[in-house]
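> Model the structure of this input:
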Amino acid sequence: MITEHKFGSFVVDGKKHLGDLKIKDGRTRFWDRKKHSVSFEDVKEILDSRPEVFVIGTGNSGYLIVPPEIKDYIYSRRIQLFIDTNEKAIQKYNNSLLQSKRTCALFHATC
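Okay, the predicted model is just below:
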């Protein structure tokens, strides 16, 4: 569960994480983005875990770009995709966990 988010950081399962996050199979780690958009490389590793729900937090103001071809690729795998600002994406992520859905996520920590 994500219990706190401030500009540049998150608290996940009681541990503070600085920077962008990748959450897969219940494990949280730093997401080393190359650009200010989501790439195939970013999502392929996550999709290998066969999630039911994929949440993408686009930052506090929603500036992270998720290209249409990435969205189409995720939808083609019959995965529920939720993309929104961090506040709403965190709510969706936590609710999916509470519903015991296999959930993965990418979160942009800043803008």
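
> Just after the helix or strand bottoming out on mean pLDDT in the chain, pick out the following helix or strand.
Lowest by mean pLDDT, DSSP states H and E among the helices and strands of the chain is helix 40-47, with a mean of 92. Following helix 40-47 in sequence order, the next helix or strand is strand 53-57 (DSSP states H and E).

> what inclination does that next one have with respect to helix 40-47?
140 degrees (axes from the mean of the first three to the mean of the last three C-alpha atoms, to 10 degrees).

> Where does the residue nearest to Lys15 when sequence neighbours are not counted sit: helix, strand or coil?
Once flanking residues are discounted, Lys15 sits nearest to Thr28: 7.4 Å by C-beta to C-beta, 6 or more residues apart in numbering. (C-beta placed from N, C-alpha, C; glycine too.) At Thr28 the chain is in strand, as set by DSSP: H, G, I helix; E, B strand; the rest coil.

> so Thr28 touches Asp13, yeah?
Yes. With contact defined as C-beta atoms under 8 Å, Thr28 and Asp13 form a contacting pair (7.1 Å).

> So which of the two has more stuff around it?
Per other C-beta atoms under 10 Å, whichever of Thr28 and Asp13 has more neighbours is Thr28, with 17 against 12.

> quick one, what contacts the more buried one?
Listed by C-beta atoms under 8 Å, 6 or more residues apart in numbering, the contact set of Thr28 reads 12-13, 15, 17, 21-22.

> Only the buried subset of those, as a ChimeraX command please.
Applying 16 or more other C-beta atoms under 10 Å to those, the buried members can be selected in ChimeraX as follows:
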select :12,17,21,22
